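Student: Following is a predicted model, sequence given first.
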Amino acid sequence: MLATDTASEPHPPHLPHAAHLEAWSQNERMRHIPSMSAIIDKLEHDIRRRVDHLYHSFAGLDHHDPHRTRLEGEFRSLCKWIDRVGDIARRPRGHQHPPNDLGSRIGWSFSHAVQSLHGADNETFGRRLPFQTHERSNAEPLRAALLAVIQHVQRLQELIREIDPRIDERLYEGLVQLREPLPTEPFA
């Protein structure tokens, strides 16, 4: 038999009907994944504000302080996780070169991550991928990276508390706002 001869080949196995295939945009949202707007708000407002307060306390340290080296390592690790949030959201398209100065690097990392999150597709983010692709959703690693960022911020807060005991006051100021001031007269 030659390669050009047509032989009767067995019929291909029955392919699933198109109606049985799932479409990504039609799948339900995963309940454990917050919306993209909630992730952006958490990262851009809550976490960035906390990190700015923590960095302000760190920047006031003397260069010979023994805590400085450990804190700088933690801040750089935090920046890597924030970069990872941005890279997962945008699916890496080339190498980015962040600044080496720690203060500039923190701001650059937040800007990069928020910009990448704004570029993600809101329609499909947080939805389960179709079963026939045998792939994981991109939202789950993004959620995990965001949780790692939150964990690093908590670790930094504990370390900064050793050198600045009033950090909690600054972090929580403005958290509760009274609509009516408290009365000045005693209740009884």
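Tutor: Yes, it's here.
Student: what about the helices in this protein?
Tutor: 36-41, 48-59, 67-90, 102-119, 139-163, 167-172 (DSSP state H).
Student: Now do residue 67 against residue 88, distance only.
Tutor: Between residue 67 and residue 88 the computed distance is 31 Å (Cβ to Cβ, to the nearest Å). In this view, the C-beta of every residue, glycine as well, is placed from N, C-alpha and C.
Student: Look at these two and report which has more neighbours.
Tutor: Each of residue 67 and residue 88 has its neighbours counted (other Cβ atoms under 10 Å); residue 88 has more, 22 against 14.
Student: one step back: how about the helices of the chain in TSV, adding distance to residue 184?
Tutor: Shown next, in TSV, are the helices of the chain (distance: least, Cβ to Cβ, whole Å):
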stretch	distance to residue 184
helix 36-41	37
helix 48-59	31
helix 67-90	42
helix 102-119	42
helix 139-163	33
helix 167-172	23
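Student: right, and those - which one's nearest residue 180?
Tutor: Closest approach to residue 180 among those (Cβ to Cβ): helix 167-172, 20.7 Å.
Student: buried set for the closest one?
Tutor: 167, 171 (16 or more other Cβ atoms under 10 Å).
Student: so how far is that helix off the chain centroid?
Tutor: Between the centre of helix 167-172 and the centre of its host chain there is 23 Å, according to Cα atoms, centre = their mean, to the nearest Å.
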